[in-house]
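Chemist: sharing a model that was predicted from the sequence below.
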Protein chains: 4
Amino acid sequence: MGKGEALRDRTAEAIIESAAAVLAERGDAASMEEIANAAGVGRATLYRYFANRTEMLSAMADVGARELADRIREADLQTVPFEEAIARLARGIIATGSKYIALGTDGTRRTDSAEVIEPIRALFGRAIADGSLRRGHSPDLLMSLFSGLIRGAIEATRGHRLGIEEAASAVTDLFLRGVSAEPSPPRAKQERSAR
Amino acid sequence: MGKGEALRDRTAEAIIESAAAVLAERGDAASMEEIANAAGVGRATLYRYFANRTEMLSAMADVGARELADRIREADLQTVPFEEAIARLARGIIATGSKYIALGTDGTRRTDSAEVIEPIRALFGRAIADGSLRRGHSPDLLMSLFSGLIRGAIEATRGHRLGIEEAASAVTDLFLRGVSAEPSPPRAKQERSAR
Amino acid sequence: MGKGEALRDRTAEAIIESAAAVLAERGDAASMEEIANAAGVGRATLYRYFANRTEMLSAMADVGARELADRIREADLQTVPFEEAIARLARGIIATGSKYIALGTDGTRRTDSAEVIEPIRALFGRAIADGSLRRGHSPDLLMSLFSGLIRGAIEATRGHRLGIEEAASAVTDLFLRGVSAEPSPPRAKQERSAR
Amino acid sequence: MGKGEALRDRTAEAIIESAAAVLAERGDAASMEEIANAAGVGRATLYRYFANRTEMLSAMADVGARELADRIREADLQTVPFEEAIARLARGIIATGSKYIALGTDGTRRTDSAEVIEPIRALFGRAIADGSLRRGHSPDLLMSLFSGLIRGAIEATRGHRLGIEEAASAVTDLFLRGVSAEPSPPRAKQERSAR
DNA sequence: AAATAATCGAGACGGTACGTCCTGTCTTTGG
DNA sequence: CCAAAGACAGGACGTACCGTCTCGATTATTT
């Protein structure tokens, strides 16, 4: 029944929450028992909700991905110019960051659901097609680079060295300048100095 | 004396080599026995060289860092223009990538010795001072972003989706355009489109 | 509760039983894994019951000692004449022999609980006091000798060279003649032949 | 050549000596390294003399057996009356005791060479034949019992509770009374008291 | 006396058992 | 009927010892 399922979902969520906290604290060395205790639950119960440590981790990743997917959906990427879409993406992903990084650190990850990936890939595809993106790089490579940039920015916020807004704007700024189709800055300087 | 130590070092190196290979293949699930066997060595011997799995991993990271430091030293960053220095850095780091990524994936990591970090920090500092770098971002933030970009590029090479040269040039291109002090491309478009 | 403890005790007993069997078969070379498997139990479980190999052995010895103590209690040593008491002791101890010897062979041994030793010591003390035992030997020495005699008899039964009854009666016969206070047989012969 | 062999033998002997001492001290837990060091010799050298721990132990036993055989030969068992022979045996064996016990405690043992066993078996055979021994027990059983008695006596000397002479004379006394063919002491008392 | 051979210690190595810890499965007990 | 508790098999970890081996260094032997 609905009520039972709701409870079930809330328990699962609590476990995931605790797992995220404990893993962030103790790293991959955290045992299932520690996580279960942190969630105020028996170890056996934990296994009733997740078959595996791996599955639990992936469920954790899914929660992060879902949250991310929500933000991305809200961002309405397809209705705004490329530049604005990138800005919104950077802000949204970096804001979700803490959990995102937790996963990234582990060996498991890469659950980035289609709901996260596809809109972004579509964005890059469109930008290449309509000429707002300089030609020469595949959408996949661009995504990898953009994702790395974001990862770097999140890391920079980890030591509380700077706020989310600043990090997001730095990413946006750098990336847009870097990939824009506008008259390329005279970086040929590099070649010339080498000749 | 010297000979014995040389042998000892070569054995340690062989173990680290095998460990890198096995870990890349099987991930963190690889057992010490698997690694030892892959190195053609008994499990006990492995423990004679590294007290811990953790210590072995960290020795692996050290080797990676040392290799990287070598490449960076050879790159003579301080004698070439900023643009060329970035290009060399990207190529060098991505080339060392495979091992580097293996560590990055694990929980241990981050041994990046001063010999790796300092030259790069100095490079960014100099570039900001002499005006080849647009003002507004701290050298540390730039380093984080550059490092993320590289990480993304290495990831893109993982599935053999593209070669090291292409990845390096993509990173160089994007980063230099992104941070150059030249007349900014008219990205104000973003703001205008929002009005 | 009672039920759980009962099961726990029965498992422990089964392990001890198997351990006794395997150790008798393969000697001290038997590994903990062999013993665990013989008991139909995982190695880890074995360690849940006994912290050490040593502790397991000593628990084994305790079981033997307890069994022995039971027989000795049933023998009612203090209500029968010395001669009958010795006869009962010999029979009882030799019958318990197999386990007893298994321990004796090992390096651990000598757990002979007070419940085993004290009644026997009391028996010898009483016999010396009431004159049924020839004076001149301390109760402890007599116990050592008696114990050695029994050990020898058990050994004689090991190769199935003779039955428990015969062995026990030989011990009883020899020991009683040997220590009785009755007019000494003319063994002076020895002295005379030496003069 | 003779000299080399002599040295070799003396080294082997020294090792055995040390092994006996260390094993007596630390029990079977003593490692080969401890034994080697105690003998002032490298572990490798120890293995150059004895292929195995087992072989070393058995060599140790052989030394004990040889020493015992010497004493038994000197005892001239066949030229003296049974009683005197027993007395000499008890003294001789108990005197050799310390090593003898060390082996007896271990799991290996039972090397008692024929030179030890045969003269004793012959002694019992002769005594049965010439009537100085009560009929009814096989020579083997008598040997087992006698051996047990001796073992018990040696044990009694272990805690320095009494000297070798006293222990030997107690064994001699008890055994001779116990097995003599003389008019049996009226131990029928046992049956009567049971009525 | 010099060259050659034997023997030594030192210590690395592969292998294996030990005792510990964690995972994933199962059963028992209580709310 | 489901959660908590906890026992269980299995397997990896890190430690210690065994028996094998190779290395130089120190002796003895031989020429």
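Modeler: Arrived safely.
Chemist: CA only for contacts and neighbour counts going forward, please
Modeler: Fine.
Chemist: for chain A, give me the ranges with low pLDDT.
Modeler: A:1-8, A:98-112, A:159-160, A:182-195 (pLDDT under 70).
Chemist: scan chain A for its longest helix.
Modeler: helix A:2-26 (DSSP state H).
Chemist: off-centre distance for that one?
Modeler: 20 Å (Cα atoms, centre = their mean, to the nearest Å).
Chemist: the next helix or strand after it near DNA strand E anywhere?
Modeler: Later in the chain than helix A:2-26, the nearest helix or strand by DSSP states H and E is helix A:32-38. Yes - contact of helix A:32-38 with DNA strand E (Cα under 7 Å from any atom of the strand) involves A:32, A:33.
Chemist: and chain A, which of its residues are near DNA strand E?
Modeler: Residues of chain A lying near DNA strand E (Cα under 7 Å from any atom of the strand): A:30, A:31, A:32, A:33, A:44, A:47, A:51, A:52, A:53, A:54.
Chemist: can you count the residues close to residue A:125?
Modeler: Residue A:125 has 15 neighbours, counted by other Cα atoms under 10 Å in any protein chain shown.
Chemist: other SSEs contacting the host helix or strand of it?
Modeler: Of the helices and strands defined by DSSP H and E, residue A:125 is found in helix A:114-129. Applying 3 or more Cα pairs under 8 Å, 6 or more residues apart in numbering or on different chains; DSSP states H and E, one finds that helix A:114-129 makes contact with helix A:53-74, helix A:82-95, helix A:139-158.
Chemist: show me what it is in contact with.
Modeler: With Cα atoms under 8 Å, 6 or more residues apart in numbering or on different chains as the test, helix A:114-129 has contacts from A:65-66, A:68-69, A:72, A:77-78, A:82, A:85, A:133-135, A:139-140, A:142-143.
Chemist: residue in chain A with the shortest distance to DNA strand E?
Modeler: residue A:31 (3.4 Å; Cα to the nearest atom of the strand).
Chemist: next, count neighbours for that residue.
Modeler: Neighbour count for residue A:31, taken as other Cα under 10 Å: 14.
Chemist: swap in the one 10 residues further on?
Modeler: Per other Cα under 10 Å, the neighbour tally for residue A:41 reads 16.
Chemist: part of a strand, is it?
Modeler: No - with DSSP: H, G, I helix; E, B strand; the rest coil as the criterion, residue A:41 is assigned coil and is not in a strand.
Chemist: please determine how far it is located from residue D:173.
Modeler: If you measure residue A:41 against residue D:173 using Cα to Cα, to the nearest Å, the figure is 74 Å.
Chemist: next up, phi/psi of residue A:133, please.
Modeler: phi -120, psi 130 (degrees, to the nearest 10).
Chemist: tell me the residues of chain A that contact DNA strand F?
Modeler: Checking chain A against DNA strand F by Cα under 7 Å from any atom of the strand, the hits are A:8, A:40, A:41, A:42, A:43, A:44, A:45, A:48.
Chemist: so which two of these are the farthest from each other?
Modeler: A:8 and A:43 (15.8 Å; Cα to Cα).
Chemist: surely residue A:181 meets residue A:133?
Modeler: Yes - using Cα atoms under 8 Å, residue A:181 is in contact with residue A:133, at 5.0 Å.
Chemist: how about residue A:180, phi and psi?
Modeler: phi -60, psi 150.
Chemist: out of everything not next to it in sequence, what's closest to it?
Modeler: In space, residue A:180 comes closest to residue A:133 once its chain neighbours are excluded; the distance is 5.2 Å by Cα to Cα, 6 or more residues apart in numbering or on different chains.
Chemist: the one you found: neighbour count?
Modeler: Neighbours around residue A:133, by other Cα under 10 Å: 21.
Chemist: just the one 4 residues further on next, same as before
Modeler: Around residue A:137 there are 15 other residues, counting by other Cα under 10 Å.
Chemist: wasn't it part of a strand?
Modeler: No - going by three-state DSSP, the assignment for residue A:137 is coil, not a strand.
Chemist: what residue, apart from its backbone neighbours, is nearest it spatially?
Modeler: In space, residue A:137 is closest to residue B:170, 7.5 Å off (Cα to Cα, 6+ apart).
Chemist: what helices and strands are in contact with the longest helix of chain A?
Modeler: With contacts defined as 3+ Cα pairs under 8 Å, 6+ apart, helix A:2-26 has these neighbours: helix A:32-38, helix A:53-74, helix A:97-105.
Chemist: buried ones in it?
Modeler: Buried residues in helix A:2-26, counted by 16 or more other Cα atoms under 10 Å in any protein chain shown: A:11-24.
Chemist: can you name the residues in contact with it?
Modeler: A:29-30, A:34-36, A:38-39, A:46, A:49, A:56, A:59-60, A:99, A:102.
Chemist: can you count the residues close to residue A:115?
Modeler: Residue A:115 has 15 nearby residues by other Cα under 10 Å.
Chemist: ok, now how distant is it from chain C?
Modeler: Per Cα to the nearest Cα, to the nearest Å, residue A:115 is found 45 Å from chain C.
Chemist: one more: residue A:178?
Modeler: Taken as Cα to the nearest Cα, the span from residue A:178 to chain C is 59 Å.
Chemist: and if you look at residue A:52?
Modeler: 22 Å.
Chemist: what's that residue sitting at in phi/psi?
Modeler: The phi/psi pair for residue A:52 (degrees, to the nearest 10) is phi -140, psi 160.
Chemist: what of residue A:80?
Modeler: Torsion angles, degrees, to the nearest 10, at residue A:80: phi -120, psi 160.
Chemist: what is the burial count for it?
Modeler: Neighbours of residue A:80 (other Cα under 10 Å): 15.
Chemist: now do the same contact list for it.
Modeler: Contacts of residue A:80 (Cα under 8 Å, 6+ apart): none.
Chemist: kind regards, and thank you for your time.
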